[in-house]
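J.: Please work out how this folds:
(2 chains)
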2 protein chains.
Amino acid sequence: MGTGPRRLEELTETEALRLLGEVPLGRVVFTRHALPAIRPVNHIVVDGHVVIRTTVGTVLSTEVSPAGAVVAFEADQLDMDTRLGWSVIVTGMARPVDDPEEAERYKARLLPWVAGGMDQVIRIRPEIVTGFTLVPA
Amino acid sequence: MGTGPRRLEELTETEALRLLGEVPLGRVVFTRHALPAIRPVNHIVVDGHVVIRTTVGTVLSTEVSPAGAVVAFEADQLDMDTRLGWSVIVTGMARPVDDPEEAERYKARLLPWVAGGMDQVIRIRPEIVTGFTLVPA
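T.: You can find the predicted model right below:
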């Protein structure tokens, strides 16, 4: 198959969310003081929503809480050798999960990589879901 | 070493840019209609600047050209099994490379994964460089 040029093939929303749910790590993208900001973070997909954890008091927590904020969330699996793979981008409103039981349920499935904190759970409700796969051109 | 909790260790700017230059793929983050947007893209680091290619007429090209725009650029190598790795985030002004000879030099080193287009070369001049490595806590 070689590593020649690839063609982008669009994913359906269903396929995109399925792929997003199969990887543990993505990147949340938000606006801070009108400037673009990004943080890598692990995530789960629950009922079509993206759920992440953060630490109260961090930039992301402050931007999202309590009124909510529009964010993007991206994950990909792009193989640098074969130049095949996919990328999915979700855009939607992010809000803290306030219900303690619900938050605990998500925390049990979202083990932070970094020690300490990560007590705030944030849910992103996708309004736009886009994604592509790279296929041989 | 296991996969227990990790600690974030901050990278110096020099280390961060060196790591960024060692991987072929990152994600450019920009603002579109006041909303966060992100695109995966391959890149090179030249004289401390991040250089990428895009297609004239795409959202990224339109946002950046001709006046320039503040963008973020992120790359990471985070191993999901060992939970070790690094992430680097650069924020700065992105502008098209207008000089044709300079643009051609960069294009020769920035082979697009996707067939067709990708005729615009964009240079990001880092103003803020942050990065971390994950080390055992």
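J.: And for the residue nearest to A:Pro66 when sequence neighbours are not counted, the neighbour number?
T.: Spatial nearest neighbour of A:Pro66, chain neighbours left out: A:Pro96 (6.5 Å); criterion: CB to CB, 6 or more residues apart in numbering or on different chains. All C-beta atoms are positioned from the backbone trio N, CA, C, and that covers glycine. A:Pro96 has 18 neighbours, counted by other CB atoms under 10 Å in any protein chain shown.
J.: Same check on A:Val129?
T.: Residues lying near A:Val129 (other CB under 10 Å) number 21.
J.: How about the one 5 residues further on?
T.: Residues lying near A:Leu134 (other CB under 10 Å) number 21.
J.: What of the one 3 residues further on?
T.: A:Ala137 has 12 neighbours, counted by other CB under 10 Å.
J.: and the lowest-mean-pLDDT helix or strand in chain A, does that touch chain B?
T.: Within chain A, no helix or strand scores below helix A:59-64, which has a mean of 86 by mean pLDDT, DSSP states H and E. No - Helix A:59-64 stays clear of chain B (CB under 8 Å from any CB of the partner chain), getting no nearer than 10.2 Å.
J.: need the residues of chain A near chain B, please.
T.: Going by CB under 8 Å from any CB, the residues of chain A near chain B are A:4-8, A:23-25, A:27, A:29-31, A:34-40, A:70-72, A:74, A:76, A:78, A:80, A:83, A:87, A:89, A:91, A:112-116, A:134, A:137.
J.: buried sites along the next helix or strand after the least confident helix or strand of chain A?
T.: As assigned by DSSP states H and E, the chain's next helix or strand after helix A:59-64 is strand A:69-78. Residues A:Ala69, A:Val70, A:Val71, A:Ala72, A:Phe73, A:Glu74, A:Ala75, A:Asp76, A:Leu78 are the ones in strand A:69-78 that count as buried (16 or more other CB atoms under 10 Å in any protein chain shown).
J.: per-residue pLDDT, the fifth one?
T.: For A:Phe73, the pLDDT comes out at 98.
J.: do the same with the last one
T.: We have a pLDDT of 92 for A:Leu78.
J.: for it, what are its contacts?
T.: Going by CB atoms under 8 Å, 6 or more residues apart in numbering or on different chains, A:Leu78 touches A:Leu84, A:Gly85, A:Trp86, A:Ser87, A:Leu134, B:Leu25, B:Pro40, B:Trp113.
J.: from those residues, which has minimum pLDDT?
T.: Across the contacts of A:Leu78, the bottom pLDDT score, 82, is held by B:Trp113.
J.: Pull out the buried residues from the biggest strand by length in chain A.
T.: Counting residues, the longest strand found in chain A (DSSP state E) is strand A:120-136. Burial within strand A:120-136, assessed by neighbour count using 16+ other CB under 10 Å, is assigned to A:Gln120, A:Val121, A:Ile122, A:Arg123, A:Ile124, A:Pro126, A:Val129, A:Thr130, A:Gly131, A:Phe132, A:Thr133, A:Leu134.
J.: Need those in a markdown table (columns: distance to A:Ile44).
T.: Conversion of the buried residues of strand A:120-136 to a markdown table gives the following (distance: CB to CB, whole Å):
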| residue | distance to A:Ile44 |
| --- | --- |
| A:Gln120 | 15 |
| A:Val121 | 10 |
| A:Ile122 | 12 |
| A:Arg123 | 10 |
| A:Ile124 | 11 |
| A:Pro126 | 14 |
| A:Val129 | 16 |
| A:Thr130 | 20 |
| A:Gly131 | 17 |
| A:Phe132 | 22 |
| A:Thr133 | 22 |
| A:Leu134 | 25 |
